[in-house]
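K.L.:
Build me a structure from this.
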Amino acid sequence: MMNVRALLCAALAAGLAGCASAPAPAPVVDTSAQDQAAIRMLEDKFAAAFNAKDANAIMALYSSGDDLVVFDLAPPRQYTGWAAYKKDWDDTFAAYPGPVVFQISDLAVTVGGNVGYGHSIQTVTMTDKKGKKSTMTVRVTDGYKKVNGQWLIAHEHVSIPVDMTTMKGVPDSK
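P.N.:
Numbering: from 1, shown residues only. Here you go, the predicted model:
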């Protein structure tokens, strides 16, 4: 009759022998460089769609469900869901029917698995219904998620600095 200690040792030895023959886990593949490149391409598509004033192409880059949250410059304080934010783009392009010039600079992207975030400086010149041009430089932070292999914007925060003395936005900040 074996004692408990002998049984544990025998079980441990059998387990270790089984581990020695077990296959090694598959190596983890680092796709962060490819994911960052894909997000940069997404932002390039955004710029092209903005310059073309194509709200549908812009919205194709966003999460299509009610989980999309955007803090934009124009009221309301928060847009929740794809349809609400699509209306914001439609309204913006209707208010500024003239030419648009849009640029993204200082884009930084970080990814980890199926989520990422980025921040950039974005400058736009738009022309309103009376032909008046307005230029604005904004700060944008995007939260990305990978859905079915495609990166989408799931959260966005757009802001401009505020002059604390006048409490007015500074749309031409440097």
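
K.L.:
Contact partners for K86?
P.N.:
55, 59 (Cβ atoms under 8 Å, 6 or more residues apart in numbering). Yep, even glycine has a C-beta here, placed from its N, CA and C like the rest.

K.L.:
now it, what's its secondary structure?
P.N.:
Following DSSP: H, G, I helix; E, B strand; the rest coil, K86 is assigned to helix.

K.L.:
Was I right to think T110 contacts G116?
P.N.:
Yes. Applying Cβ atoms under 8 Å, one finds T110 in contact with G116, separated by 5.9 Å.

K.L.:
in stretch 115-128, what counts as buried?
P.N.:
116-118, 120, 122, 124, 126 (16 or more other Cβ atoms under 10 Å).

K.L.:
burial count for L68?
P.N.:
22 (other Cβ atoms under 10 Å).

K.L.:
re earlier: so which of the buried residues of stretch 115-128 comes closest to K87?
P.N.:
M126 (17.6 Å; Cβ to Cβ).

K.L.:
From S32, how far out is V100?
P.N.:
Per Cβ to Cβ, to the nearest Å, V100 is found 33 Å from S32.

K.L.:
Which of the two has more residues huddled nearby?
P.N.:
More neighbours surround V100 than the other of V100 and S32, with 16 against 13 (other Cβ under 10 Å).

K.L.:
So what sits opposite the more buried one in the bridge?
P.N.:
M126 (DSSP bridges).

K.L.:
I figured it hits N51, correct?
P.N.:
Yes. Checked against Cβ under 8 Å, the pair V100 and N51 is within contact range at 5.9 Å.

K.L.:
those helices in this protein, which residues are they?
P.N.:
Using DSSP state H, the helices found in the chain span residues 4-21, 32-51, 55-59, 82-95.

K.L.:
Going by mean pLDDT, which of those helices comes out lowest?
P.N.:
Note on the helices of the chain: lowest mean pLDDT is at helix 4-21, with a mean of 52.
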